[in-house]
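[1] Predicted structure and sequence below. I'll ask about it afterward.
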Amino acid sequence: MDILTFTGGPFVQNTLLVVCADGRTALLVDPGAATPQALATVRARGLEVAAILLTHAHLDHIEGVATARRDTGAPIHLHPLDQPIYDGAAAQAVSFGVPWEGAPPPPDVDLVPGTNLVFGGSEFEVVFTPGHAPGHVIFVSTSEPVAIVGDVVFAGSIGRTDLPLGDYRVLMESIRNEVLTLPGDTRLHPGHGPATTVGHERLTNPFLVPVHGGELV
């Protein structure tokens with residue numbers, strides 16, 4: 001399995017292209033402004049996109065969904081608790097002062113936490129990690145030390161919770177229970193910034209380093 005990152009747009013968001021174990025099947029995760037570059041790689045390598053997976057529905061993570069769906073026909077997977085955010089993409093764009101055209105196509109598949117998604121010989125568990133958004137999920141590989149974590153945690157930082165429906169305490173619980181419990185060598189692919197590892201963030205992330213008797217703030 002290979003994970004390629006394409007970064008673009010005013011939010012410097014990461015669109016991820018997962019090349020599955022069979023070398024032919026691909027997954028588009030959080031198609032944002034850099035979706036055209038990811039799709040160019042799909043065509044150049046002769047890949048077949050089996051699914052469009054959304055960790056959550058903030059506009060920078062879905063602005064390329066319509067293009068991805070039109071070019072690949074792949075089904076869109078989203079947790080239903082993020083449907084209101086998904087449907088409100090135009091309002092999000094207005095609040096941030098960025099252009100937005102039309103509504104994204106409706107999701108096809110509800111992501112169900114605790115279930116596994118299998119594509120092209122690669123398998124990911126869907127893990128519920130609310131806080132940054134109410135329906136945020138991460139995708140944890142069942143065979144490799146890899147997790148796609150969206151905007152839950154970044155290299156040296158954590159997801160913001162000042163957006164509508166964000167909740168700081170819920171986010172910290174998600175990080176504590178679902179991310180920091182992964183093996184230390186698990187490579188984390190976030191929605192912004194470079195990849196990192198669980199072990200590195202445990203030791204160096206200023207939001208996560210134990211304080212006050214070993215408890216996270």
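    All right, it came through fine. Numbers count the residues shown, from 1 in each chain.
[2] can you pull the buried residues of stretch 35-55?
    For stretch 35-55, the neighbour count (16 or more other C-beta atoms under 10 Å) marks 35, 37-39, 42, 47, 49-55 as buried. From N, CA and C alone the C-beta is placed, and that goes for glycine too.
[3] Show me which pair in the residues you listed is furthest apart.
    Largest separation among the buried residues of stretch 35-55 by C-beta to C-beta: 47 and 55, giving 20.7 Å.
[4] tell me the phi and psi of residue 24?
    Main-chain dihedrals, residue 24, degrees, to the nearest 10: phi -120, psi -30.
[5] Packing partners of the longest helix along the chain?
    Taking DSSP state H as the criterion, the chain has its longest helix at helix 35-45. Contact partners of helix 35-45 among helices and strands, from 3 or more C-beta pairs under 8 Å, 6 or more residues apart in numbering; DSSP states H and E: strand 2-8, strand 13-19, strand 25-29, helix 65-72.
[6] Which SSE is immediately downstream of that helix?
    Scanning forward in sequence from helix 35-45 by DSSP states H and E, the next helix or strand is strand 48-53.
[7] from the chain's centre, how far out does that next one sit?
    With C-alpha atoms, centre = their mean, to the nearest Å as the basis, strand 48-53 stands 14 Å off its chain's centre.
[8] How about stretch 20-33?
    Distance, stretch centre to chain centre, for stretch 20-33: 12 Å (C-alpha atoms, centre = their mean).
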